[in-house]
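In: Sharing a model prediction with you, sequence too.
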Amino acid sequence: MKKIAVYCGAASGNDARFQQATIELAHYLVEHNLALVYGGGGVGLMGLLAKTVLQADGQVYGIMTKELVERGAALSELTNLQVVADMSERKQQMMDLSDGCIALPGGPGTLEEISQSFSWTRLGDYTKPCVLYNVAGYYNTLQQMFEQMVAKGFLTTADFEKLLFSDSLDEIFAFMETYIPPQIRTYPK
């Protein structure tokens, strides 16, 4: 692994543990020579993450839509900012550039991005690990929703085990290092 995509909020949230975990993740990336791939923003957890990586002399790749750049959302310190046409292209570029993805706490956009990445693993269109960094139990109810999908027959146990919910960076990166993509589903004719 060389580059990790991190999806996270353009807001900071109202729990200091979210910011602390963001800083810890940034330092972990730098200490393990992993570059950050993220949405290019300068505010919220996104800005905190990128600024912390840059201050620790790490590498950061920002990918942002032209519209958001024009609105002034880009982190000005970035030397590697790729401007794309729309969010679909942004998400595709982030997945293509990275060796796995992690979702810190965030809002609907964060949820959309990690959900798409995981959904695409089941189709075979994304073969890299997906993790929800479950800081302070933030993703507990989402984990329960995925468990409900398994219980109701919409997600196999084997595929669910290919998605990690964890509050431990050591567990997260051990999972990512040993990840084997799910078996691609086939359909009877």
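Out: Received the coordinates, thanks.
In: When you work out contacts or count neighbours from here on, use the C-alpha atoms and nothing else.
Out: OK.
In: mind checking the SS state of residue 95?
Out: Here residue 95 is helix, with the state taken from DSSP: H, G, I helix; E, B strand; the rest coil.
In: tell me the contacts of it?
Out: Contact partners of residue 95, counting by C-alpha atoms under 8 Å, 6 or more residues apart in numbering, are 5, 101, 117, 126.
In: Over to residue 2?
Out: Contacts of residue 2 (C-alpha under 8 Å, 6+ apart): 33, 34, 35, 98, 99.
In: For the first one, grab the count of nearby residues.
Out: Counted with other C-alpha atoms under 10 Å, the burial measure for residue 33 works out to 14 neighbours.
In: Distance-wise, check it relative to residue 65.
Out: 27 Å (C-alpha to C-alpha, to the nearest Å).
In: Name the residues linked to residue 65 by a beta bridge.
Out: Taking DSSP bridges as the rule, residue 65 bridges to residue 84.
In: Residue 57 touches residue 29, doesn't it?
Out: No. Between residue 57 and residue 29 there is no contact, the gap being 10.7 Å when judged by C-alpha atoms under 8 Å.
In: re earlier: any of the contacts of residue 2 buried? List them.
Out: 34, 35, 98, 99 (16 or more other C-alpha atoms under 10 Å).
In: for this structure, what spans make up the strands?
Out: All strands of the chain, identified by DSSP state E, fall at 3-7, 35-38, 60-65, 81-84, 101-103, 130-133, 163-166.
In: what helices or strands is the third one leaning on?
Out: In this case it means strand 60-65. strand 35-38, helix 44-55, strand 81-84, helix 87-97 (3 or more C-alpha pairs under 8 Å, 6 or more residues apart in numbering; DSSP states H and E).
In: Out of these, which gets nearest to residue 173?
Out: Residue 173 sits nearest to strand 35-38 of all the helices and strands packed on strand 60-65, at 13.7 Å, using C-alpha to C-alpha.
In: any idea how far residue 2 lies from residue 187?
Out: Residue 2 is 35 Å from residue 187, by C-alpha to C-alpha.
In: How about residue 82?
Out: Applying C-alpha to C-alpha to residue 82 and residue 187 gives a distance of 38 Å.
In: same check, this time on residue 139
Out: In terms of C-alpha to C-alpha, residue 139 sits 32 Å off from residue 187.
In: Between those two, point out the one with more neighbours.
Out: Neighbour totals were compared for residue 139 and residue 187, and residue 139 leads with 21 against 5 (other C-alpha under 10 Å).
In: Please identify which of the contacts of residue 2 is nearest to residue 167.
Out: residue 34 (19.0 Å).
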